[in-house]
Structures are given as structure tokens and as C-alpha cells.
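Enquirer: Any chance you can model this:
(one chain, ligands or ions: 1)
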Amino acid sequence: MTQPDNTIVLLGGGGHALSLLEAMPAAVAVKGYTAPEPSPGMPVRWLGIDKDFRELYTPGEVRLLCAFVYGGRPDLELRRRIIGEYAGWHFYTLVAPTATVTRFSRLGEGTEVMHRAVVNRATLGRHCVVNTGAVVEHDCRIADNVFIGPGAVLGGEVSVGADSFIGLGAMVRNGVSIPPGTVVGMGAVITSDISEPGVYVGHGRRIG
Ligand SMILES: CC(C)(COP(=O)(O)OP(=O)(O)OC[C@H]1O[C@@H](n2cnc3c(N)ncnc32)[C@H](O)[C@@H]1OP(=O)(O)O)[C@@H](O)C(=O)NCCC(=O)NCCS
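Expert: Alright, predicted model coming up:
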């Protein structure tokens with residue numbers, strides 16, 4: 001597939017958008033961002049709401065990066081919904097200059113590996129986020145649109161289903177499977193397979 005040039009537009013203008021700007025390799029030019037209104041503190045140009053932006057630009061001109069992550073109880077469909085409006089557009093796959101993605105790792109289009117995160121011979125789908133300092137160990141299989149929070153650690157051969165969320169500092173034991181649409185709360189320690197999607201905290205206690 002021919003990739004458009006390294007000109008990026010961010011979808012969203014909040015805190016994660018600012019983090020993406022900080023994690024961008026120097027060779028990449030960020031044209032601006034879409035958002036319902038201009039965001040104070042964003043150092044790049046506001047390009048209007050998504051609909052206006054799509055009328056002004058064509059998919060061949062830029063690559064996109066989804067700048068939405070979740071606050072509070074995550075809306076696991078949010079990123080998927082936003083990305084879904086951009087069928088036919090290209091997304092940029094971001095590896096921060098201080099992150100490590102080993103040679104035999106695979107990252108799907110639009111996945112974001114933030115500062116000091118490590119992906120060690122693992123496979124990630126499209127539009128995932130491996131946030132600051134998270135570790136995804138050998139032979140993990142991470143499906144599309146999975147958010148892995150800052151400092152979370154996934155041991156070897158963990159599998160995570162699509163549209164899941166692993167919170168800040170959570171630990172997932174090697175070999176464990178997590179089904180699609182699951183939330184693992186911050187600081188959780190997951191030592192065995194989760195059989196049903198839900199919200200899990202502590203040592204795998206289900207709260208939702
Ligand atoms: C798990 C989580 C999604 C639950 O959020 P919520 O549905 O709003 O839950 P509440 O805050 O109402 O808490 C419900 C109960 O679960 C407990 N709880 C919530 N999160 C917990 C966690 N991570 N570990 C242990 N207990 C937790 C609360 O203390 C509360 O207990 P109580 O009913 O005995 O008072 C949220 O707490 C969480 O961990 N979010 C992840 C944050 C994160 O990683 N952000 C990344 C930003 S980059």
C-alpha cells in the first residue's frame with residue numbers, strides 16, 4: 001500500500017493529543033487537529049469539526065491519528081466510532097522515539113506506542129494505545145482498539161480481545177486470556193483467564 005506523506009492530522013485536541021505531539025518523531029509534520037472547538041494549549045492548528053475537515057481534505061493528503069482515550073469508566077467504543085467515520089483514510093502508526101518495539105513485533109495501522117513503552121516480540125492490532133511505560137511481553141496477541149494504560153505490564157503470551165482496556169499499572173500474568181470488551185481497572189493483578197467481558201479490579205473482582 002502506498003502511504004501518504006508524513007503529514008499528520010490528530011482526531012481530538014485533549015490531553016492525549018498533546019502527549020501524541022510530544023511522542024511524534026521529528027520527521028513528522030503535524031498539520032493540525034479536529035475537535036468540536038479550538039482547545040486551549042494545542043500548539044498546532046484547529047482544522048474544525050471532523051465533518052468540515054473531511055470536506056476540505058482527501059484521504060490521500062494526510063494520515064490520521066486518533067487522539068481520544070478514556071477518562072473514568074471507559075467508553076470502549078469511543079475510538080472505534082471515531083475511527084469508523086474515516087473509512088478509506090490512512091492512519092499513522094506511532095512509535096515514540098524513546099519506546100522500544102522489537103524487530104519481530106507487529107503493530108497494526110494507527111497503533112500508538114508512547115514514551116518508554118516496550119513491545120517485545122508481540123503482535124498488536126489496529127488503533128491500540130500502549131501508553132507511557134507500559135510493557136507488552138513476548139508472544140502477546142492484542143486485538144484491535146485495545147488501550148493499555150501507563151505502566152501496565154502484560155506477561156508473555158497474554159491475549160487481549162478487541163475493544164478492551166487495561167488500566168494504569170495493572171499486571172496480567174503470562175498466558176492469561178482477556179475477552180473482547182473487558183475493562184481491567186488500574187492496579188489490578190489478573191492471574192487467571194477472564195471468561196466474560198466486564199469490569200474487573202483488584203485480584204480479578206468483577207464490579208460491572
Ligand atoms: C475500574 C474503573 C473503570 C471503575 O470505575 P467506576 O465504574 O467509575 O467505579 P467507581 O469509582 O464508582 O468504583 C466502584 C467501586 O469499585 C472500587 N474500585 C474502582 N476502581 C478500582 C480499582 N482500580 N481497584 C480497586 N477497586 C476499585 C471503588 O473503590 C468502589 O468500591 P466501593 O463500591 O466499595 O466504594 C476505574 O476505577 C479505573 O480503574 N479506571 C482506570 C483508570 C486508568 O487506568 N486511566 C488511564 C488514564 S491514561
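Enquirer: Can you spell out the domain ranges of the chain, please?
Expert: Domains of the chain are assigned by automatic domain parsing as 7-91, 93-201.
Enquirer: Can you say which of those is nearest to the ligand?
Expert: Proximity to the ligand (C-beta to the nearest ligand atom) singles out domain 93-201 among those, at 2.9 Å. In short, each C-beta sits where N, CA and C put it, glycine included.
Enquirer: Please see if the closest one touches the ligand.
Expert: Yes. Applying C-beta under 6 Å from any ligand atom, one finds domain 93-201 touching the ligand at 131, 149-150, 167-168, 183, 185-187, 199, 201.
Enquirer: How far away from the center of its chain is that domain?
Expert: Distance of domain 93-201 from its chain centroid, counting by C-alpha atoms, centre = their mean, to the nearest Å, is 9 Å.
Enquirer: buried stuff in the top helix by length along the chain?
Expert: Using DSSP state H, we find that the single longest helix of the chain is helix 15-23. For helix 15-23, burial by neighbour count (16 or more other C-beta atoms under 10 Å) applies to 16-21, 23.
Enquirer: And residue 161, how close does it get to residue 143?
Expert: Between residue 161 and residue 143 the distance is 5 Å, computed by C-beta to C-beta, to the nearest Å.
Enquirer: what touches both of the two?
Expert: Common neighbours of residue 161 and residue 143, using C-beta atoms under 8 Å, 6 or more residues apart in numbering, are residue 180.
Enquirer: Could you name the helices and strands sitting against the longest helix of the chain?
Expert: In this structure, helix 15-23 makes packing contacts with strand 7-11, judged by 3 or more C-beta pairs under 8 Å, 6 or more residues apart in numbering; DSSP states H and E.
Enquirer: in the strand it packs on, what's buried?
Expert: 8-11.
Enquirer: cool, stretch 147-157 as well?
Expert: Under the neighbour-count criterion of 16+ other C-beta under 10 Å, stretch 147-157 has 147-155, 157 buried.
Enquirer: Could I have the CA atoms of it written out in PDB?
Expert: What follows is stretch 147-157, C-alpha atoms only, in PDB (Å, rounded to 0.1, in the frame of the first residue of the first chain):
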ATOM      1  CA  PHE A 147      -5.900   0.600  25.400                       C
ATOM      2  CA  ILE A 148      -3.000  -0.400  27.700                       C
ATOM      3  CA  GLY A 149      -2.600   2.200  30.400                       C
ATOM      4  CA  PRO A 150       0.600   3.800  31.600                       C
ATOM      5  CA  GLY A 151       2.900   1.400  33.400                       C
ATOM      6  CA  ALA A 152       0.700  -1.700  32.900                       C
ATOM      7  CA  VAL A 153       2.600  -5.000  32.300                       C
ATOM      8  CA  LEU A 154       1.400  -7.900  30.200                       C
ATOM      9  CA  GLY A 155       3.400 -11.000  30.700                       C
ATOM     10  CA  GLY A 156       4.300 -13.300  27.900                       C
ATOM     11  CA  GLU A 157       1.600 -14.900  25.700                       C
END
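Enquirer: per-residue confidence averaged over that stretch?
Expert: On average, the pLDDT along stretch 147-157 is 98.
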